[in-house]
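Novice: Sequence and predicted model, in that order:
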Amino acid sequence: MKDYIIKVKETPEYNSVRSAAKDTVSNWISRDVKFFGHLDTDAMWKIDSAVFFNEDRSKALLLLLEIDKKSEVVFDYVKVLAAEYKEGNWQIYSQGFPTIGFDRSLNPATSVRRQYTYKQLSEISREELINGGYFDWRSCSINYDYVNDWFKEPLAEYHQEFLKRRSEN
């Protein structure tokens, strides 16, 4: 699996989808789209370096790693994002995809409640996707249909509703 991730990083799709995801999330924050508006002041975020593509690299799953700057906050998060290459551009979707919460009191690196690191969030979340179906352990191969299966819902319609929402401050 590690070799696959390294190999994917050498493809043009890898850089373009990560760049599109970063630009899209920044845009959502600046537009104050609900569920993303808090990131600009209260959290640090980045797009994880692992990208989980389907076979023809027209669809992908990405991980948005979020670490809150405030020490009293209980959770850090990883949001699964979906990306689909349509009409020459990557469309990034958030609506309908899970967010994984990481309770700081359970951080294995410390005995006190402390922020997770990007590395910790990345490793745990990658393992979730890999063991969740992206890697078929029986055949020791990538299960590309795992990514395609996330796109069975009408993502474009959900996405339009998502974009209409504003944070309720």
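Specialist: In hand now; what should we look at?

Novice: alpha carbons only for contacts and neighbour counts from here, please
Specialist: Will do.

Novice: for this structure, which strand is longest?
Specialist: strand 75-86 (DSSP state E).

Novice: can you give me the helices in this structure?
Specialist: 2-8, 12-30, 39-42, 118-129, 145-149, 155-164 (DSSP state H).

Novice: could those helices go into TSV alongside mean pLDDT, mean neighbour count and distance to residue 73?
Specialist: Listed next are the helices of the chain as TSV, based on pLDDT from 0 to 100; neighbours: other Cα atoms under 10 Å; distance: least, Cα to Cα, whole Å:
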stretch	mean pLDDT	mean neighbour count	distance to residue 73
helix 2-8	75	12	32
helix 12-30	92	17	20
helix 39-42	61	14	10
helix 118-129	95	16	16
helix 145-149	92	16	32
helix 155-164	63	14	25
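
Novice: Report the beta-bridge partners for residue 92.
Specialist: Beta-bridge pairing of residue 92 under DSSP bridges involves residue 83.

Novice: My guess is it contacts residue 24. True?
Specialist: Yes. If you go by Cα atoms under 8 Å, residue 92 and residue 24 touch, sitting 6.9 Å apart.

Novice: Could you check how far the residue nearest to the spatial centre of the chain is from residue 113?
Specialist: The structure's the chain has its C-alpha centroid closest to residue 63; by Cα atoms, centre = their mean the separation is 2.0 Å. To residue 113, residue 63 is 23 Å away according to Cα to Cα, to the nearest Å.

Novice: can you check residue 98 too?
Specialist: 24 Å.

Novice: Residue 105: neighbour count?
Specialist: 15 (other Cα atoms under 10 Å).

Novice: Just give the nearest non-adjacent residue to it, would you?
Specialist: residue 113 (4.3 Å; Cα to Cα, 6 or more residues apart in numbering).

Novice: Give me the distance between the two termini of stretch 100-115.
Specialist: 15 Å.

Novice: Give the buried residues for that stretch.
Specialist: 100, 102-104, 107, 113-115 (16 or more other Cα atoms under 10 Å).

Novice: Dump those into CSV; add pLDDT and distance to residue 52 as well.
Specialist: CSV is the format used below for those (pLDDT from 0 to 100; distance: Cα to Cα, whole Å):
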residue, pLDDT, distance to residue 52
100, 88, 17
102, 90, 21
103, 91, 25
104, 90, 26
107, 81, 26
113, 73, 31
114, 84, 29
115, 87, 26
